[in-house]
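S.K.: Next one to model:
(one chain, ligands or ions: 1)
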Amino acid sequence: MSKTRDNDRLGFVREQLAELKDEGLYANIRSLGSAQEAWLEIEGRRVLNFCSNNYLGLANHPRLVARAKQAMDDFGVGPAAVRTIAGTMDLHRDLEERLAQFKGVEAAILFQSGFSANLAVIPALVGKQDAIVSDALNHASIIDGIRLTKSDRYIYEHTDMDDLRVKLEEAAGNDYRAILVVTDGVFSMDGDIAPLDEITELAEAFGAITMVDDAHGEGVLGHGGRGIVDHFDLHGRVDIEVGTLSKAFGVVGGYVAGNGAIVEWLRQRGRPFLFSSATTVPDTAACLAAVDLLEESTELVDGLWDNARYFQAGMRDLGFDTGKTQTPITPVMLGEAPLAQKFSQRLFEEGVFGTAIGYPTVPLGLARIRVMISAAHEEDDLDFGLETFEDVGRELGVI
Ligand code: PMP
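M.R.: The predicted model follows:
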């Protein structure tokens, strides 16, 4: 095929890329030259890490690293098959049991990621005879999981319980086999917490199934980081909790925890479980060490919250708008995407790594720097972060 013809065929892709750049929406992806820690080496520069979801500092924790190495000596590296054929190792079953115990639920099933856990559970559970009632700001992986079903969709305004009731009434007026209510637990871009107590009550009143994506809640909310269900003391009342092992747990992977029949059904009909291989040996073993650490002590979770309170109070005192966060996620609201990108670039030049987040991850006009606080930060680190935000904020006329 001639070069000219190839250019024509793919011209629309190049146009789309050029548009992103013109609109300041092109993601500038930096790569790290060091392990995930409070400080990182990026492009030869040492910068304070304000971006990772490494809430508890486990991504390079010696206990996780040692456990992964030991497991590789014993079991090799790869699972070499999908779970249902020959890819289920004792490690996977151990981790599923430990996660179920940690969360206080009947059972748990592992997936390759939180994203694939959402893609697995929603279409396996509901189909064309059913309805899904979903928060307007739910995570992309929930949205894509919903798209994989032929269920009717009812979208309620973000955390608006009056609207949830209206949508449930509408759905209940039709003759569905099942109604699934699904929400993020902690909304990852704003850091606000879903009112899961009220959602559960409403769902119960309408006989609906409840599902929460606890990706940013576990390791953060509840006793010792047991998550949003523990935070609201809803044990036994939420049918499905989706979790990720890539954030507070510091590794990679996802899981569905909750009702035993649903978990058993996913082992039979969860497509990412049936048709894609599982987490590797070192991933799985490192996650087992993460559960050990979380069960032994609440120290890391407590440290995370101390750091979050300290930093957020400092930012508000400086005059920054940190939105409506109720968790260690700290959005610094800047408005237009080009300003957020400029802010991020200046922070980086001054030694702070804080990525700009714009459309489509957040709505147009609500671009921000999202600061992710970690238990791995020392008070000096947070002070350096505050000083740098102050300098750049004044320079760019934000404060
Ligand atoms: N759900 C939510 C709410 C998330 O924020 C994320 C990660 N961005 C995921 C699911 C996906 O998790 P993972 O990285 O394990 O695929």
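S.K.: List, one by one, the residues from the stretch 251-399 of the chain near the ligand.
M.R.: Residues of the stretch 251-399 of the chain found near the ligand, taking CB under 6 Å from any ligand atom as the criterion, are Gly254. The C-beta positions use only the backbone N, C-alpha and C, and glycine is treated the same way.
S.K.: show me where the stretch 251-399 of the chain has strands.
M.R.: Using DSSP state E, counting those that start in this stretch, the strands of the stretch 251-399 of the chain run over 254-258, 329-335, 352-353, 356-357, 367-372.
S.K.: would TSV of those with mean pLDDT be doable?
M.R.: Below are the strands of the stretch 251-399 of the chain laid out as TSV (pLDDT from 0 to 100):
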stretch	mean pLDDT
strand 254-258	98
strand 329-335	98
strand 352-353	98
strand 356-357	90
strand 367-372	97
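S.K.: Which stretch among these is buried most, on average?
M.R.: Highest mean neighbour count of the strands of the stretch 251-399 of the chain: strand 254-258, a mean of 28 (counted as mean count of other CB atoms under 10 Å).
S.K.: So what touches that one?
M.R.: Strand 254-258 has contacts (CB atoms under 8 Å, 6 or more residues apart in numbering) with 96, 99-100, 103, 105-118, 120-121, 238-246, 262-263, 266, 270.
S.K.: Among those, which lie within strands?
M.R.: Those of these mapping onto strands are 107-111, 240-244, per DSSP state E.
S.K.: Please report how far the residue of the stretch 251-399 of the chain found nearest the ligand lies from Ala120.
M.R.: Going by CB to the nearest ligand atom, the ligand is nearest to Gly254 of the stretch 251-399 of the chain, at 4.7 Å. According to CB to CB, to the nearest Å, Gly254 and Ala120 sit 9 Å apart.
S.K.: Give the residues shared as contacts by the two.
M.R.: Residues touching both Gly254 and Ala120 by CB under 8 Å, 6+ apart: Phe111.
S.K.: circling back to that earlier point, beta partners for the residue of the stretch 251-399 of the chain closest to the ligand?
M.R.: Phe111, Thr244 (DSSP bridges).
S.K.: ok, the residue positioned nearest the centre of the chain - contacts?
M.R.: The centre of the chain sits closest to Ala215, judged by CA atoms, centre = their mean, with a distance of 4.1 Å. Listed by CB under 8 Å, 6+ apart, the contact partners of Ala215 are 114, 139, 184-186, 188, 242-244, 247.
S.K.: again, but for Asp152
M.R.: Neighbours of Asp152 in contact, by CB under 8 Å, 6+ apart: 130-132, 171, 174, 176.
S.K.: what bits of the stretch 101-250 of the chain have low per-residue confidence?
M.R.: The model of the stretch 101-250 of the chain has no residue with pLDDT under 70.
S.K.: so which residue of it comes closest to the ligand?
M.R.: For the stretch 101-250 of the chain, CB to the nearest ligand atom, closest residue to the ligand: Gly114, 2.7 Å.
S.K.: That residue touches Ser246, doesn't it?
M.R.: Yes - the criterion here is CB atoms under 8 Å, and Gly114 meets it with Ser246 at 6.6 Å.
S.K.: sorry, back to before: ok, which of the contacts of Asp152 also contact the ligand?
M.R.: The subset of the contacts of Asp152 within reach of the ligand, by CB under 6 Å from any ligand atom, is empty.
S.K.: Just the closest of those to Leu202, please.
M.R.: Ala171 (11.5 Å; CB to CB).
S.K.: so how far is Ala124 from Ile262?
M.R.: Separation of Ile262 from Ala124 (CB to CB): 9 Å.
S.K.: Same check on Arg165?
M.R.: Distance, Arg165 to Ala124, using CB to CB: 27 Å.
S.K.: sorry, back to before: contacts only, for the residue of the stretch 101-250 of the chain closest to the ligand.
M.R.: Counting by CB under 8 Å, 6+ apart, Gly114 touches 141, 213, 215, 242-246, 254.
S.K.: can you list the residues that contact stretch 45-54?
M.R.: 36-41, 59, 216, 246-248, 250, 347-348, 351-355, 369-374, 376, 381, 384-385, 388.
S.K.: same thing with stretch 98-105?
M.R.: Outside stretch 98-105, the residues that touch it by CB under 8 Å, 6+ apart are 106-108, 110, 218, 226-227, 229-230, 235, 241, 243, 255, 257-259, 288, 291, 294-295.
S.K.: Report the separation between Ile357 and Phe232.
M.R.: Applying CB to CB to Ile357 and Phe232 gives a distance of 28 Å.
S.K.: hmm, I was thinking of Leu293
M.R.: 24 Å.
S.K.: and what of Ile122?
M.R.: 22 Å.
S.K.: Compare the two (neighbour count), which wins?
M.R.: Higher neighbour count among Ile122 and Phe232: Ile122, with 26 against 22, using other CB atoms under 10 Å.
S.K.: Is it correct that that one is in contact with Ile146?
M.R.: Yes - at 5.8 Å, Ile122 and Ile146 qualify as touching, with contact defined as CB under 8 Å.
S.K.: Could you pull out the buried residues of stretch 201-219?
M.R.: 202-203, 206, 208-219 (16 or more other CB atoms under 10 Å).
S.K.: report the angle between the axes of the longest helix anywhere in the chain and strand 329-335?
M.R.: Counting residues, the longest helix found in the chain (DSSP state H) is helix 299-318. Calculated by axes from the mean of the first three to the mean of the last three CA atoms, to 10 degrees, helix 299-318 forms an angle of 30 degrees with strand 329-335.
S.K.: starting at the chain centroid, how far to helix 299-318?
M.R.: How far helix 299-318 lies from its chain's middle: 20 Å, per CA atoms, centre = their mean, to the nearest Å.
S.K.: can you list the residues of the stretch 1-150 of the chain near the ligand?
M.R.: Residues of the stretch 1-150 of the chain lying near the ligand (CB under 6 Å from any ligand atom): 113-115, 139, 141.
S.K.: ok so, going back, identify the farthest-apart pair in the contacts of Asp152.
M.R.: Ile132 and Asn174 (12.6 Å).
S.K.: Please identify which of these two sits among more neighbours.
M.R.: Each of Ile132 and Asn174 has its neighbours counted (other CB under 10 Å); Ile132 has more, 26 against 9.
S.K.: Assign that one to one of the three secondary structure states.
M.R.: Assigned with DSSP: H, G, I helix; E, B strand; the rest coil, Ile132 falls in the strand class.
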